[in-house]
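1. Here's a sequence, model it:
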Amino acid sequence: MAAPPPLVLVGGPPAGGKTTVALALARGLGLPLLEKDRIKEALMDTLDSSTFERSRELGRATFPVLWALAARTVEVGVGAVVEANFDREGLVAELARLPPSRPVMIHCSAPEEELLARYRRRAAGRHPGHQDHDIRRLEAIREGLCLGRFEPPDLPLVLRVDTSEPVALDAVVGWALAAIRAPAC
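-> Predicted coordinates for the structure are as follows:
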């Protein structure tokens with residue numbers, strides 16, 4: 001019986017360095033990369049995203065699309081690297097609905113003040129539909145951090161990566177490769 005396909009989850013809070021790590025993983029593992037913001041930005045290019053509330057609505061709508069694509073990559077036996085600011089409880093529920101896979105998680109984060117400073121710096125270069133200039137975005141990040149929403153669920157294989165210092169991306173890719181090749185527990 002063939003091993004289930006890998007599902008490499010890259011999560012953590014906004015501005016946690018997830019995209020940088022996810023790109024390295026997709027390249028290093030030869031897996032497709034599914035990114036929440038890539039999907040959301042495509043939606044924002046075709047649908048109204050001119051208000052904070054509408055941007056949040058599109059963000060919520062992005063997750064079912066992301067999970068449908070992830071499920072399909074698992075169904076066809078390929079797997080994927082899936083990157084998003086997953087909500088801990090929502091992630092547990094979605095993983096339970098997926099076809100059998102080999103989920104491993106890389107959790108990217110940094111101290112709160114570093115995350116907030118990065119978020120402010122990157123706002124000017126992001127799609128305007130994210131509404132990053134709205135103070136409610138920073139408030140939502142602070143609340144999520146306080147409540148542990150961005151923390152990883154209890155999975156057998158989780159690597160925590162502190163992105164406040166340069167990340168040894170080759171080491172992260174090596175860990176993920178070993179994790180998806182390890183015998184199932």
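2. dump the residue contacts of the residue nearest to G79 when sequence neighbours are not counted.
-> Using Cβ to Cβ, 6 or more residues apart in numbering and skipping residues adjacent in sequence, the residue nearest G79 is P5, 3.4 Å away. (C-beta placed from N, C-alpha, C; glycine too.) Applying Cβ atoms under 8 Å, 6 or more residues apart in numbering to P5 gives the contacts 73-74, 77-79, 101-102.
3. let's see it at 7 Å
-> P5 is in contact with 74, 77-79, 101-102, counting by Cβ atoms under 7 Å, 6 or more residues apart in numbering.
4. Just the pLDDT at V76, thanks.
-> pLDDT recorded at V76 is 95.
5. Next: A2.
-> Per-residue pLDDT puts A2 at 74.
6. So what's the residue count around the nearest residue to it once chain neighbours are set aside?
-> In this structure, A2 finds its nearest non-sequential neighbour in G77, 7.4 Å apart by Cβ to Cβ, 6+ apart. As a burial measure, G77 scores 12 neighbours (other Cβ atoms under 10 Å).
7. What's the mean pLDDT across the helix or strand harbouring L25?
-> Assigned by DSSP states H and E, L25 falls within helix 18-29. For helix 18-29, mean pLDDT rounds to 98.
8. quick one: strands adjacent to the following helix or strand past that helix?
-> Next in sequence after helix 18-29, counting helices and strands by DSSP H and E, comes strand 33-35. With DSSP bridges as the test, strand 33-35 is paired with strand 80-83 (parallel).
9. Export the partner strand to PDB, keeping only CA atoms.
-> Extracted in PDB, the C-alpha atoms of strand 80-83 (Å, rounded to 0.1, in the frame of the first residue of the first chain):
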ATOM      1  CA  ALA A  80       1.100  20.100  -1.600                       C
ATOM      2  CA  VAL A  81       2.600  22.900   0.500                       C
ATOM      3  CA  VAL A  82      -0.300  24.900   1.900                       C
ATOM      4  CA  GLU A  83       0.400  28.300   3.300                       C
END
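10. and that strand, how far out from the chain's middle?
-> 7 Å (Cα atoms, centre = their mean, to the nearest Å).
11. Show me the contact partners of that strand.
-> Contacts of strand 80-83 (Cβ under 7 Å, 6+ apart): 7-10, 18-19, 22, 25-26, 29, 31-36, 66, 70, 73.
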